[in-house]
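Engineer: I would like to see how this sequence folds:
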Amino acid sequence: MKGGSKSAHRGQPAAHRTVADLEQGLVVAGHGRHFVVETPEGREIIVHPRGKKSDAVVGDRLRFQITDSRGDEGVIVSLDPRRNLLHRQDEWRTKSFAANLDRLLILVAADPVFSESQLTRALVAAEQARIEVLILLNKTDLTAAAQVARERLEPYRRMGYTVMELALKARPDEARAELGERLAHGSTLVLGPSGTGKSTLVNLLVPDAGAQIGEVSVALNSGRHTTTHTRWYWLDRARESALIDSPGFQEFGLHHVSVDDLSHWMADLRPWRGHCRFANCTHDHEPGCAVLAALERGEITPSRYRIYLELRAELSATRW
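Structural biologist: As a prediction, this is how the structure comes out:
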């Protein structure tokens, strides 16, 4: 990791420090209670929360105080306000995992067959956080399978989502050029289930990704376990474009979404809100429901409507 110069305020008591006295940093990696932050000058420093837990996530900008004589460790003092925040969900709880994103790149493939339920959860999370979405269909060189996947994604094109089609392994130069143009500015979180080619994509855009992960593992004394956590990579020397890799396909936590607002965050249901006979329509069984009428007309697909009911039931259950 890169060390830094000593701060003139390092020994100053906390009671006398101001925000201007503190160091600024971008969280680029983390493991447990340890985080790697990058300063505006490009130094990378290990920081820790003051207490037993921290709400910091990759993409956060924060203020910290240097705590060691070499200038390469510190303690988190405060988090800057966030533009947005994404949550992941496991068997036991919902937890935040990435912040301040400009774009969500959702990777699906011609093979294996993608889960429309997982895709929908990701889209709802992005809509609620007001994050731009790109859907990338990989392995288009598998002609027959790609056509099936293309047809399944057609409703999402009609909803207004951009669907890119690439063959990351078969045509890497074409993929690199197209992705470089699409991701040229801002931060992009890339997500994809196992087997869709996410590692190929990351290595295509960040050739030294493995080396960067190794550096973080050594610095945090966390060995190989760091590879299971979210990591920020710069795509250009000017540090204007970034790729955030979150291993696996995160099952998005949606428990912060109001059950009454769910249909608003689903792009194909949203146009029909406010057109139902009853103002408090759940779009489940009520007479005069505009969503059910759109379903009858084929303007909402049965699979999307089924997912809506499943998510509504989940959000209506006891919250954690």
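
Engineer: would you mark the buried spots in stretch 110-125?
Structural biologist: Within stretch 110-125, the residues that count as buried by 16 or more other CB atoms under 10 Å are 110, 114, 116, 118-125. Yep, even glycine has a C-beta here, placed from its N, CA and C like the rest.

Engineer: just say helix, strand or coil for Ile300.
Structural biologist: Three-state assignment for Ile300 (DSSP: H, G, I helix; E, B strand; the rest coil): coil.

Engineer: wait, what's in contact with it?
Structural biologist: 268-269, 291, 294 (CB atoms under 8 Å, 6 or more residues apart in numbering).

Engineer: by neighbours, which of those wins?
Structural biologist: Val291 (26 neighbours; other CB atoms under 10 Å).

Engineer: quick one, helices of the stretch 51-200 of the chain?
Structural biologist: Here the stretch 51-200 of the chain has its helices, by DSSP state H, counting those that start in this stretch, at 116-129, 143-158, 172-182, 198-205.

Engineer: secondary structure element for Leu311?
Structural biologist: helix 302-316 (DSSP states H and E).

Engineer: that helix to helix 143-158, inter-axis angle?
Structural biologist: 60 degrees (axes from the mean of the first three to the mean of the last three CA atoms, to 10 degrees).

Engineer: circling back to that earlier point, let me know the closest of the buried residues of stretch 110-125 to Pro155.
Structural biologist: Nearest to Pro155, judged by CB to CB, of the buried residues of stretch 110-125 is Glu116 at 9.3 Å.

Engineer: now do the domain split for the protein, please.
Structural biologist: 14-79, 85-245, 259-316 (automatic domain parsing).

Engineer: and those: which comes nearest Gly253?
Structural biologist: domain 85-245 (3.3 Å).

Engineer: distance between the ends of that closest one?
Structural biologist: Distance between the two ends of domain 85-245: 15 Å, counting by CA to CA, to the nearest Å.

Engineer: of all residues in this structure, which one is nearest the centre?
Structural biologist: Geometric centre of the chain, nearest residue: Leu189, 4.4 Å, by CA atoms, centre = their mean.

Engineer: appreciated, that's everything.
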